[in-house]
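Asks: what follows is a predicted protein model with its sequence.
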Amino acid sequence: MPPSNTFSFNGRRYKASEFLPEVITLANMLASNAHLTAASPLPVDTDLSEADQNEVQTQIPAILILPPEAISIFWGAFAANHLADIAVSLRRLSHATQRQAVSTAIQILSLIPDPKEQPYFRKFLRNSTASKDIPNIVANAFVKGTTWKRPSGPGHHCTLIIHTLFWCDPSLGDDGKASVDAGIRAALVDAIQTTLDHPRAADMEQLQLVEMQRLQGILGAIESMPEAHYLNSTRGFLEGQVDDMCDGDECDEEAELSCSKCKTTRYCGKECQTWHWKHGHKVRCFKTDY
């Protein structure tokens, strides 16, 4: 079934199309407040100020209390327009002198819905040029230590690493077994265990612990299997779960036509594409640079 064209918030019914400009503004504000855009880069060796951090940490919870339909549109707008900005920022930032900026960028990344459900995130990770270096940077940040802020945490960080392992090309890594280099993977195993062994781990939410343990298991499977067999087979399974049939209403035809703008949806023909545009895709269709 297609997403709804309307949603309720604070007792009022909104059309998704009417809310779209506000969602795009919110996405741009979050990227700007975190200094992720080309228009607002942090100077070299200058970290986020306390005011910058407060703006971001105030905005994130405000976004997450929106209705699910609005949140879905928000993350679509953010991912389409600012994932490339996050990648550029993470490649430029120094963990030694800009730890808060690195932590905030990773926190935002970790809150984007699963690539299986968020097509722009999936598209970004599958693009080896766009996602180059990001798996290593994100994994190495866990090793070096980041400042975790709610609603994110070490488990969310590990889930993000899992996404980069499952969806990014394993050839991005130095041994071809995974998109994260072998040395960083080994250090990551130790860092996760150190986190799990910390006395405060008992106070963590169960989901945080489960996701750290899940990443441990995935890293073990990568090392135990030849070449990139484990990740290639896993990605094939996940891609099989992404519906590649026509996005038209109750249409089960094979999809051979893709949306020329976003390239994230597919249709059996123009009739279904027109129907889907009017029933939800219009507010989720964005052109990307990746």
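Replies: It's in.

Asks: host element of the residue of the chain most remote from its centre?
Replies: Distance from the C-alpha centroid of the chain peaks at residue 271, with 31.6 Å (CA atoms, centre = their mean). When secondary structure is defined by DSSP states H and E, residue 271 falls within helix 270-278.

Asks: now do the contacts for the spatially closest residue to residue 264 that is not a sequence neighbour.
Replies: The shortest distance from residue 264 to any residue other than its chain neighbours is 3.7 Å, reached at residue 119 (CB to CB, 6 or more residues apart in numbering). C-beta coordinates here come from the backbone N, C-alpha and C atoms, glycine included. Residues in contact with residue 119, defined by CB atoms under 8 Å, 6 or more residues apart in numbering, are 76, 262, 264, 265.

Asks: just give the nearest non-adjacent residue to the residue farthest from the centre of the chain, would you?
Replies: Spatial nearest neighbour of residue 271, excluding adjacent residues (CB to CB, 6+ apart): residue 248 at 7.2 Å.

Asks: that neighbour looks like it's in a strand, true?
Replies: No. Applying DSSP: H, G, I helix; E, B strand; the rest coil, one finds residue 248 to be coil, outside a strand.

Asks: helix, strand, or coil at residue 261?
Replies: At residue 261, secondary structure determined by three-state DSSP is coil.

Asks: how near is it to residue 186?
Replies: When distance is defined by CB to CB, to the nearest Å, residue 261 is 42 Å away from residue 186.

Asks: most centrally placed residue in this structure?
Replies: The C-alpha lying nearest the average C-alpha coordinate of the chain belongs to residue 112 (CA atoms, centre = their mean; 4.0 Å).

Asks: shouldn't residue 39 be within a helix?
Replies: No. With three-state DSSP as the criterion, residue 39 is assigned coil and is not in a helix.

Asks: neighbours around it, how many?
Replies: Residues near residue 39, counting by other CB atoms under 10 Å, number 10.

Asks: so how far is residue 134 from it?
Replies: When distance is defined by CB to CB, residue 39 is 21 Å away from residue 134.
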